[in-house]
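K.L.:
any chance you could fold what I've pasted below:
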Amino acid sequence: MEKRLIARDKCWLLAAGLVLAETVVSFVVPHSYELTAFGDLTQCLLLLCVLQSMLANVTATEQRTRLFWALMTLGCGIWLCVQFLWTYFEVGLRSDVPNPFVGDVALFLHLVPMMGALAVRPDLERDESVVQPGGLDFALLLTWWLYLYMFVVIPWQYVSPNAFLYGRSFDALYVLEHLVFLGCVGRVWLRSFGMWKLIYGQLFAAGLLYALSSTAASVAIDLGHYYTGSVYDDPLGISLLWFFAIGVLGQKLAGRMRTSKNTSTERRGWVSGLAMVAILSLPVLAAWATYVSHAPGRVRNFRLLLTLATMMVMGLLLWIKQHRLDKQIARSNQQLREDSYTDLLTGSKNRRFLTATIAADAMRVARGYALGENTSGKRNADLVFYLIDCDHFKDVNDRHGHEVGDQMLIEIARQISSAIRHSDVLIRWGGDEFLVVSRFTNRDEASILAERVLQAVGGELCTLKNGVQLGCSCSIGWAVFPWFVREPEAVGYEEVLRLADGALYEAKKAGKNQAIGMLPTVEYEPQTKNVAPGGKEARLSEQMVARTVTISGPTCSQPAPAESSTASKAAAASRLV
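P.N.:
Residues are numbered from 1 along each chain as shown. Predicted coordinates for the structure are as follows:
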């Protein structure tokens, strides 16, 4: 850390010294190759300092903060590349920079990443429900500004070369870009808070000075008054020093910059507004080029073809963006649906899930039997409902508290899940009661799963978070669907659930820690002759005689421990009161 501070202080001294030296030399030294070389190299060094100060913030912990500084660094990096190219002509080749200049397009576009950085809004609290500005948004922004440059400036550089119109068009568009950038910075600055407000305020001031100095230099170039190292470079050097100070300020305030709570529509409106302006400007500019502009025919044709190509590119980008948005919305809806079907405590499914899915499961099974598919020796064609109730759970809550009781429910749900198959569904039925819907199973082997659940719950102690070990057992009642194989729709799944509930009651009544299953004793025989009103229901009731299958559970190696300490007894007494 100390070495980093020393390096930063040295960089400060270097940048400030360069600006001071550039200012003094511009007033003292006449126009010469030496002055040009000094001015170009000074600006290269200043931009390197700016790039270093911005790049140092990319290691921030918060993702959007890293993205903000990365885009700022990208903008400064493009700016530095333009300066290197300018220096190559003037210092390396010892010639004047050509006008039009091939690097003007990069000089124009270097503000676009900085606009993208502002759209990220790292000062606002993150909202997962809002799609954050990403690569496609930046691509749309870059495409639009590149289109504007090619529409306004390029025709006078390549299609119908005209140095005067080129310079005037570039200056007008460059001023417009600076105004848009300053407008974006000003809007964000006024709507921000805390340390980020200080960052945005400094960025607005530095951007304003840069806009004034660069515009003045660009006009001086067109008038033939500018040369590198002249007084036009002095405010530009000060603005570079100011950008460097912004990067250093970001490093100093890194641990103190906090996001502020604000409406999520800030980021959404920002990005949507930019995209809407970009799209609506295309037909407007095409109409202007066709019906209003007095440019040569070649220029008008070029602008129309450029507009059509840009509309196709931006349309493709918007389609990709919408496709990704649709997928994200689908994932969010799926997650919301899963959350609405999940019990918050145990992580198992809830009754809402059963209501949403049981009708389809019952219809699938009934249709299979009705078509004869499940009566020709095919296995795993039934549904079995297992109602599971935790034995003596009220005593656990009374003696240890509801927090321990909740932990025990979580552990019991885990134990039951470990005993059932992946195709089976565990549902929290209410309180300390669970329901297992065993799908694609066989009624003749239904007792096997009940035995596994009894063993999983009662065969080992539950180790809870606070170190308490409690023994637990459960009682199970189960019944099969369809009840009648030959008439699968004669008894609905609701009635089968009631049969399973009755079996659970019998298991609790018989001493708990056991499973009792209900199976039909006879197969349904439909009445072929005329039946009196109510006769079908009476005959169905006569044939719904069930036989039971009883399975005893294991004996836990250690029962729930009794309260022994005086403090525990006092706590239990206070809860009872």
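K.L.:
tally of neighbours for the nearest residue to residue 56 once chain neighbours are set aside?
P.N.:
Once flanking residues are discounted, residue 56 sits nearest to residue 251: 5.5 Å by Cβ to Cβ, 6 or more residues apart in numbering. For every residue, glycine as well, the C-beta is placed using N, CA and C. When counting by other Cβ atoms under 10 Å, one arrives at 18 neighbours for residue 251.
K.L.:
domain assignment for this structure?
P.N.:
2-290+297-336, 351-522+536-576 (automatic domain parsing).
K.L.:
if we can go back for a sec, per-residue pLDDT, the residue nearest to residue 56?
P.N.:
Note on residue 251: pLDDT of 86.
K.L.:
what strand or helix carries it?
P.N.:
helix 233-252 (DSSP states H and E).
K.L.:
equivalent analysis for residue 298, please.
P.N.:
helix 297-340.
K.L.:
ok, residue 385 next?
P.N.:
strand 382-390.
K.L.:
which helices and strands sit right next to the next helix or strand after that strand?
P.N.:
Sequence-wise, the next helix or strand downstream of strand 382-390 (DSSP H and E) is helix 393-400. Counting contacts by 3 or more Cβ pairs under 8 Å, 6 or more residues apart in numbering; DSSP states H and E, helix 393-400 packs against helix 402-419, helix 566-576.
K.L.:
same question for the longest one, mean pLDDT?
P.N.:
Put plainly, it is helix 402-419. Across helix 402-419, the average pLDDT comes to 91.
K.L.:
next: the last one.
P.N.:
Per-residue pLDDT values over helix 566-576 give a mean of 31.
K.L.:
repeat that for stretch 70-80.
P.N.:
Averaging pLDDT along stretch 70-80 yields 95.
K.L.:
cool, and stretch 151-170?
P.N.:
pLDDT averaged over stretch 151-170 gives 92.
K.L.:
what are the buried residues along it?
P.N.:
151-157, 159, 162, 165-167, 169-170 (16 or more other Cβ atoms under 10 Å).
K.L.:
just those residues: which are in helices?
P.N.:
151, 152, 165, 166, 167, 169, 170 (DSSP state H).
K.L.:
before we move on, the earlier item: restrict whatever helix or strand comes next after the helix holding residue 298 to CA atoms and write it as CSV.
P.N.:
Per DSSP H and E, the first helix or strand lying C-terminal to helix 297-340 is helix 351-370. Taking Å, rounded to 0.1, in the frame of the first residue of the first chain, the C-alpha atoms of helix 351-370 are listed here in CSV:
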residue,chain,number,x,y,z
ARG,A,351,-49.9,-27.9,-1.4
ARG,A,352,-50.0,-25.4,-4.3
PHE,A,353,-47.7,-27.7,-6.2
LEU,A,354,-50.0,-30.7,-5.6
THR,A,355,-53.0,-28.7,-6.8
ALA,A,356,-51.2,-27.7,-10.0
THR,A,357,-49.9,-31.2,-10.9
ILE,A,358,-52.0,-34.0,-9.3
ALA,A,359,-54.9,-33.8,-11.9
ALA,A,360,-52.5,-34.4,-14.8
ASP,A,361,-50.8,-37.3,-12.9
ALA,A,362,-54.1,-38.9,-12.1
MET,A,363,-55.4,-38.5,-15.6
ARG,A,364,-52.3,-40.1,-17.0
VAL,A,365,-52.6,-43.2,-14.8
ALA,A,366,-56.4,-43.5,-15.3
ARG,A,367,-56.0,-43.2,-19.1
GLY,A,368,-53.4,-45.9,-19.1
TYR,A,369,-55.7,-48.3,-17.3
ALA,A,370,-58.7,-47.3,-19.4
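K.L.:
helices and strands around helix 351-370, which ones?
P.N.:
Right, helix 351-370 is packed against strand 382-390, strand 425-430, strand 433-441 by 3+ Cβ pairs under 8 Å, 6+ apart.
K.L.:
contact partners of that helix?
P.N.:
340-342, 374-375, 378, 381-383, 425, 427-430, 435, 437, 439, 481-482, 485-486, 488-489, 492-493 (Cβ atoms under 8 Å, 6 or more residues apart in numbering).
K.L.:
just stretch 34-48 next, same as before
P.N.:
14-15, 18-19, 21-22, 25-26, 29, 76, 79-80, 83-84, 86-87, 90-91, 227-230, 233, 236-237, 240-241, 244.
K.L.:
hang on, the earlier thing: which other helices and strands contact the helix holding residue 298?
P.N.:
Packed next to helix 297-340, using 3+ Cβ pairs under 8 Å, 6+ apart, are helix 135-152, helix 265-291.
K.L.:
could you report the neighbour count for residue 69?
P.N.:
Neighbours around residue 69, by other Cβ under 10 Å: 24.
K.L.:
residues contacting it?
P.N.:
So residue 69 contacts 54, 55, 57, 58, 60, 117, 247, 250 (Cβ under 8 Å, 6+ apart).
K.L.:
and it, which helix or strand is it part of?
P.N.:
In this structure, residue 69 sits in helix 63-87 according to DSSP H and E.
K.L.:
chain center to that helix, what's the gap?
P.N.:
In terms of Cα atoms, centre = their mean, to the nearest Å, the centre of helix 63-87 is found 26 Å from the chain centre.
K.L.:
stretch 20-33 now?
P.N.:
For stretch 20-33 - counting by Cα atoms, centre = their mean - the centre lies 53 Å from the chain centre.
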